[in-house]
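[1] Sequence and computational prediction follow.
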Amino acid sequence: MRPSALLDRIGRAVSDLSGIDAHLVEPGLSNLAVAAPGAREPDDVAALSGGLVVRDGAVRPAGPPAYGADPGLARVVLTAIRFEPEVRAVAALRPLPALAETLDAHLRELARVDPQRTPPGVSTMDWAIAHASKEGVPDAVLVEGRVLLLFASTVEEVVDEIIMLSTHASI
């Protein structure tokens, strides 16, 4: 099931990101994804087509929300769901140390993962999420040098975390 209401929620939530610090966004990487109820495949996960971009100094969606729009981020959230079913949303941001420090300062659970430790033949992101989620999915996973992933139950919660980071991080 792929409810259109979820696409509408993503569209409304992402509009709140226009005022955030553009340094949080890594073009070609940053995006938001939310799994539909009962999601099992990447096509059951909605994301922004083309992710987040910076235009005229403001963060904007490159395209509309759609199911199957970001298969890589979809796999991340599907892996998280295996460890904690209520975690259904994720955001991918630039892996800045200042963002990790801000998460620590605001008492968010942050797991740091070295992608060099990924076992051969295993997806780095799948391994990173599984490795970090042994006792439940953390609020964030920093895959060193690659991406900062923020997890939440809803797209609105993920957007709130991005806004908090933008407001409090020294970048």
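    Received it, and whenever you're ready, just let me know what you need.

[2] residues in contact with V147?
    E26, L29, A92, L93, R94, P95, M125 (CB atoms under 8 Å, 6 or more residues apart in numbering). For every residue, glycine as well, the C-beta is placed using N, CA and C.

[3] Let me fix that, I meant to ask about L17.
    L52, V59, R60, V159, I162, I163.

[4] ok, now with 10 Å
    Taking CB atoms under 10 Å, 6 or more residues apart in numbering, we find L17 in contact with 24-25, 30, 32, 52, 58-61, 91, 159, 162-163, 166.

[5] what does L32 give?
    Counted by CB under 10 Å, 6+ apart, L32 has contacts 10, 13-14, 17, 46-48, 51-52, 61, 65, 70, 73, 77, 89-93, 150, 155, 158-159, 162.

[6] Secondary structure class of it, three-state.
    strand (DSSP: H, G, I helix; E, B strand; the rest coil).

[7] Against L17, how distant is it?
    Separation of L32 from L17 (CB to CB, to the nearest Å) stands at 9 Å.

[8] for A58, same thing?
    Here the distance between A58 and L17 works out to 9 Å (CB to CB).

[9] Report the two of the contacts of L17 separated the most.
    A58 and A91 (17.1 Å; CB to CB).

[10] Quick check, pLDDT for the residue in the chain sticking out farthest from the centre.
    Computed with CA atoms, centre = their mean, the residue of the chain farthest from its C-alpha average is P120, at 24.5 Å. Reported pLDDT at P120 in the predicted model: 86.

[11] Relative to G72, how far out is it?
    The gap separating P120 from G72 is 19 Å, by CB to CB.

[12] before we move on, back to that, may I see the contacts of V147 arranged in JSON lines, with pLDDT, secondary structure and neighbour count as well?
    Output for those, formatted as JSON lines (pLDDT from 0 to 100; DSSP: H, G, I helix; E, B strand; the rest coil; neighbours: other CB atoms under 10 Å):
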{"residue": "E26", "pLDDT": "91", "secondary structure": "coil", "neighbour count": "19"}
{"residue": "L29", "pLDDT": "92", "secondary structure": "coil", "neighbour count": "18"}
{"residue": "A92", "pLDDT": "97", "secondary structure": "strand", "neighbour count": "26"}
{"residue": "L93", "pLDDT": "96", "secondary structure": "strand", "neighbour count": "26"}
{"residue": "R94", "pLDDT": "94", "secondary structure": "coil", "neighbour count": "18"}
{"residue": "P95", "pLDDT": "93", "secondary structure": "coil", "neighbour count": "17"}
{"residue": "M125", "pLDDT": "84", "secondary structure": "helix", "neighbour count": "22"}
